[in-house]
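Visitor: sequence? don't have it. structure:
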């Protein structure tokens, strides 16, 4: 059981090292080729030498990669959230169109306009009830 566990751990480490070699931007093409050949042709010795020579930088590169992924995800969510929220001008144009078609009364238009301009309307997070369709 112990040898099985150690074998699984060694395979995990081998794959982690191969991925690290490909992700490392500081290594050139020949450096990557050399390390890969060393790790594949002499796996036990190659893994141990790689961990001794570049083990500290492996962790740093992994942390930098995770931080960069987090920044990219946060930027994506921020952009998506800003794009999903209609601007006040868009909301006022829709309200004006509803009023001109007779779907809402002038009083309802004024109330909704005040809500949009004060930021309490749909773009501010609070939703208002829509009037029933009068068609």
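Guide: Arrived safely. No experiment lies behind these values; they were computed from the predicted model shown.
Visitor: residues touching the residue nearest to residue 16 when sequence neighbours are not counted, list them.
Guide: Once flanking residues are discounted, residue 16 sits nearest to residue 58: 7.6 Å by C-beta to C-beta, 6 or more residues apart in numbering. Every C-beta, even on glycine, is put in place using the N, C-alpha and C of the backbone. Contact analysis of residue 58 by C-beta atoms under 8 Å, 6 or more residues apart in numbering lists 16-17, 20, 51.
Visitor: What about those, which are in helices?
Guide: Judged by DSSP state H, the subset of those located in helices is 16-17, 20, 51.
Visitor: Can you redo those residues as TSV, where the extra columns are distance to residue 69 and neighbour count?
Guide: Formatted as TSV, those follow (distance: C-beta to C-beta, whole Å; neighbours: other C-beta atoms under 10 Å):
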residue	distance to residue 69	neighbour count
16	17	15
17	20	20
20	16	20
51	24	14
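Visitor: Going by distance to residue 71, which of those residues wins?
Guide: residue 20 (20.7 Å; C-beta to C-beta).
Visitor: now the helix or strand bottoming out on mean pLDDT in the chain, how far from the chain's geometric center?
Guide: Ranking every helix and strand in the chain by mean pLDDT, DSSP states H and E puts helix 88-101 at the bottom, with a mean of 84. Its chain's C-alpha centre and that of helix 88-101 lie 34 Å apart, by C-alpha atoms, centre = their mean, to the nearest Å.
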